[in-house]
Structure formats: structure tokens, C-alpha cells
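Q: Provide a 3D model corresponding to the input given below.
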Amino acid sequence: MRQTLLFDCDGVLYPLSELPTKNLVEAMKETSRCDLGLSGDEQRLISKQTRENNQLGMFNYINAMCAYKNYNFDEFCERMATRVDYSKIRENRQLYLEIKQAALQYNVGILTNNSRAHTEAVIRQVFGCDAKLLETENISLFDVKKTEKNGIFLRKQSAGLKLICDKYGYEPAYTTLFDDAVENVVAAQKIGMNGVLIDKDNHLQKALRLFLQPPKIRGKYYE
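A: The predicted model follows:
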């Protein structure tokens, strides 16, 4: 069976220091205020309802706000992305070439809890190309909408990762998640996936070296 490599976007394709999460939160708040015109009371009510319904994370909250105002979710995300400064994310053309090389041997996907608009902006900065080009090179993009089930976006927890495997025919035992959050690596392992923690000592290109070696070097498990 062909193996699958799933790469987290933020914190793996680039370090979070180049785009802190707080910048995304500020862009979300500004878009909520300027484009939706929600009052503070309305925002607090929606936030309370999403928590009670176990709709966790920023984009479940955005989805609920958009539903409340009958506003298009994708348009909100696109407007939000225009308010984020992506310019500090450094280009890493070599990483693009290595992921492209990996896609010759594996199913390859970039997985995020964020929107398609955000993913496209990151790819332009890091890889220096359009996201649509990646999809012609056997590199799939799994934004938050790809993990929707019964109106809720499942995060990179066990249920969300299992949903990706089920929807796209990936066998967990033959799937590896590269992520910068320990809890996501543990969530992957709980459903039988392999998990590789990416941090300052084990950056993505270092972790990829093993997978880009010939099978006889990698060992029996990866043949």
C-alpha cells in the first residue's frame, strides 16, 4: 500500500515566530467587527453557544458568526487573510522541491485547522508558487473545510485525523503526521498513525531525509 505523509502547515512549513497566532486572531477580530458588524454581546453569545455545542477552535466560531449574520464563510476567510501580514514568512524553495520529491513516492498532503485562503497565502510565501500548482503535483491541501462533519469542523484531534483518512482512503498504519504540537502527534498515534514531532531540533527538512532515502536504506518497515 502506498504510504501517506501529512504535513501540518503553521509551525511546520515555517516557524510560528514568523507569523504568531495572535496576528491571525487580531485579523479575525477586525474582520468580525468591520465586515460582520457584530456587537460585543453578540460575539459573547455566539462564543458561548459554540463552546456548549463542542464547536471548538477559531473557525467553528467564525462559521457560527457567519451563519448568525448570513454571511459567506469563504468570503470572511478571504477578507481575514487580506488583514494578515504574511511578508515575514521566509521563502524556502528547497523545502518545496523536497516535498515535491516526496510526492513521487508517497501520497502527500498539507493539513491545517485554518482556511484555504490562509493556506494559499502561506504556500505563496514559503514555496514561491500558486497552491493550484501543488495540487497538480500530487500534493493535496486539506484546509479546515475538508474536516467538516455534521456542521462542525473537526480539529487535528483523533476524530479529525480519522475523518481525513476515511474520506481520502488513507490507511492510518501507513500514514505519518508531521506536526509541531505534541497533542496532535499523540492524537495521530491514538488512531494508529505514525507521528513525527517538528521542533527547533528536528525541523521538517531534517525529518524528511529518512523518507527521501532509497527503501533499502530506510529499512523493512518503509519498503
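Q: what bridges to the nearest residue in space to residue 21 that is not next to it in sequence?
A: In this structure, residue 21 finds its nearest non-sequential neighbour in residue 10, 7.6 Å apart by C-beta to C-beta, 6 or more residues apart in numbering. To be clear about C-beta, it is placed using only N, CA and C from the backbone, and glycine gets the same treatment. Here residue 10 sits in beta bridges with residue 14, going by DSSP bridges.
Q: Surely residue 194 is in contact with residue 176?
A: Yes - in this structure, residue 194 is within contact of residue 176 by C-beta atoms under 8 Å, at 4.1 Å.
Q: Just give the number of residues close to residue 93.
A: Other residues within reach of residue 93, judged by other C-beta atoms under 10 Å, total 11.
Q: quick one: pLDDT of it?
A: Residue 93 carries a pLDDT score of 96 in this model.
Q: which ones are touching it?
A: Going by C-beta atoms under 8 Å, 6 or more residues apart in numbering, residue 93 touches 127, 128.
Q: shaky segments in the chain?
A: 214-223 (pLDDT under 70).
Q: okay, now residue 41: neighbour count?
A: Around residue 41 there are 8 residues (other C-beta under 10 Å).
Q: According to the record, where do the domains of this structure fall?
A: Domains of the chain are assigned by automatic domain parsing as 4-16+90-222, 21-82.
Q: picking that back up, close enough to count as contact, the residue nearest to residue 21 and residue 110?
A: No - if you go by C-beta under 8 Å, residue 10 and residue 110 don't touch, sitting 10.4 Å apart.
Q: Mutual contacts of those two, please.
A: When C-beta under 8 Å, 6+ apart defines a contact, no residue borders residue 10 and residue 110 alike.
Q: Tell me, how many residues neighbour the residue lying closest to residue 38 once chain neighbours are set aside?
A: Excluding its sequence neighbours, the residue lying closest to residue 38 (C-beta to C-beta, 6+ apart) is residue 32, at 5.4 Å. As a burial measure, residue 32 scores 22 neighbours (other C-beta under 10 Å).
Q: how about residue 14, what does it touch?
A: With contacts defined as C-beta under 8 Å, 6+ apart, residue 14 is in contact with 89, 90, 92, 122, 125, 126.
Q: Which positions within the host helix or strand of the last one qualify as buried?
A: Using DSSP states H and E, the secondary-structure element containing residue 126 is helix 116-127. Buried residues in helix 116-127, counted by 16 or more other C-beta atoms under 10 Å: 116, 117, 118, 119, 120, 121, 122, 123, 125, 126, 127.
Q: List just the nearest of these to residue 146.
A: Checking the buried residues of helix 116-127 against residue 146 by C-beta to C-beta gives residue 116 as the nearest, at 8.9 Å.
Q: gap between the closest residue to that closest one other than its chain neighbours and residue 102?
A: Leaving out its chain neighbours, the residue that sits closest to residue 116 by C-beta to C-beta, 6+ apart is residue 143, at 4.3 Å. Distance, residue 143 to residue 102, by C-beta to C-beta, to the nearest Å: 20 Å.
Q: how about the helices in the chain?
A: For the chain, the helices defined by DSSP state H occupy 21-31, 40-52, 58-69, 73-82, 93-102, 116-127, 131-135, 158-168, 182-190, 204-212, 215-218.
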